[in-house]
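Peer 1: A predicted structure for the sequence below; I have some questions about it.
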Amino acid sequence: MSGRGRLAYGIVSRINHWIVALAIIGMLVFGIYIDDFVSEGPAQGALLQTHKAIGVLVLAYGLCRVGWRLAHGFLAPAAPMPYWQDVISKVTHWGLLAGILIMPISGMTTSLFGGHDISVFGLLVIPGQQKIGWLSELAEEVHGATVNILIALIALHILGALKHHLIDRDATLVRMTSGKSAR
Ligand code: HEM
Ligand code: HEM
């Protein structure tokens with residue numbers, strides 16, 4: 001089904017968008033904090049366990065969020081815009097959707113194939129696998145590199161939303177907040 005006939009994002013799309021946006025930005029900040037601002041040791045290990053547990057929950061919700069978008073399609077732009085802006089916006093949206101899944105999947109691959117269990121707050125334990133060093137290291141590289149790509153995409157995405165709202169004064173931002181299709 002395509003969303004092209006509709007003018008604004010529905011309630012499910014809007015709730016999904018903002019919950020996952022907060023979760024992903026929060027997890028980026030949390031991960032960078034653990035990596036760069038906490039020295040190695042038990043405290044860092046404990047924070048990393050929490051990072052992993054939340055990350056698994058983000059994957060579970062993120063799969064529903066991305067699945068919903070794939071099933072319902074993107075909306076056509078809120079207002080006419082130059083072709084190159086349309087292309088950049090589409091590439092950014094697909095990149096963000098991919099990032100929502102690549103981040104937790106690469107993190108889980110790092111841990112599981114490094115031989116470590118993942119405990120989701122003790123409610124569910126995903127058992128560590130037999131160690132495959134190259135796979136765990138590759139996944140760690142992907143986790144780290146995707147962080148930088150995602151930060152750049154999110155910055156571009158926010159600047160785009162602000163430009164539409166403040167300069168073009170079209171309905172791009174409000175149709176993702178209040179769900180109105182016009183300003
Ligand atoms: C949900 C999305 C996630 C985001 C946005 C995220 C983000 C980050 C960030 C920003 C870092 C530190 C920067 C760096 O690696 O250079 C990091 C480190 C780490 N994350 Fe995640 N993470 C996510 C999910 C997960 C999950 C689900 C796991 C494992 C179950 C995980 C495991 C790790 C580990 C082991 C590290 C430290 C080692 C490393 O540098 O790769 N992450 N994460
Ligand atoms: C403060 C931060 C954010 C703002 C102001 C914002 C704003 C918006 C707006 C206005 C749209 C609608 C675009 C349109 O109608 O064509 C949108 C769509 C979208 N945003 Fe964000 N966004 C933010 C953060 C994020 C984050 C962190 C992610 C993902 C990691 C994300 C992923 C998406 C995606 C994939 C779409 C396409 C439609 C959908 O699938 O929901 N956004 N965003």
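Peer 2: Sure, I can see it. Since we're looking at a predicted model, the values are computed, not measured. Numbering: from 1, shown residues only. Ligands and ions are numbered 1, 2, ... in the order given.
Peer 1: How about the contacts made by the spatially most central residue of the chain?
Peer 2: For the chain, the residue nearest the mean C-alpha position is Ile100 (3.0 Å; C-alpha atoms, centre = their mean). Listed by C-beta atoms under 8 Å, 6 or more residues apart in numbering, the contact set of Ile100 reads Val20, Ile24, Val58, Gly62, Arg65, Val66. Just so you know, the C-beta spots here come from the backbone N, C-alpha and C atoms, and that holds for glycine as well.
Peer 1: try Leu96
Peer 2: Leu150, Leu153, Ile154, His157.
Peer 1: Now with 7 Å, please.
Peer 2: Neighbour list for Leu96: Leu153, His157 [criterion: C-beta atoms under 7 Å, 6 or more residues apart in numbering].
Peer 1: go on, Ile151?
Peer 2: Leu28.
Peer 1: And the pLDDT for it?
Peer 2: pLDDT, Ile151: 98.
Peer 1: other SSEs contacting the helix or strand that contains Gln44?
Peer 2: Gln44 is part of helix 42-72 when elements are defined by DSSP states H and E. Where contact means 3 or more C-beta pairs under 7 Å, 6 or more residues apart in numbering; DSSP states H and E, helix 42-72 is packed against helix 11-37, helix 83-112, strand 118-120.
Peer 1: I'd like the distance from that helix to the chain centre, please.
Peer 2: Distance of helix 42-72 from the chain centroid (C-alpha atoms, centre = their mean, to the nearest Å) equals 9 Å.
Peer 1: Report the angle between that helix and helix 83-112.
Peer 2: Relative orientation of helix 42-72 versus helix 83-112 (axes from the mean of the first three to the mean of the last three C-alpha atoms, to 10 degrees): 130 degrees.
Peer 1: and helix 42-72 with ligand 2, contact?
Peer 2: Yes: Helix 42-72 reaches ligand 2 (C-beta under 6 Å from any ligand atom) through Arg69.
Peer 1: try stretch 159-171
Peer 2: Yes: using C-beta under 6 Å from any ligand atom, stretch 159-171 reaches ligand 2 at Ala161.
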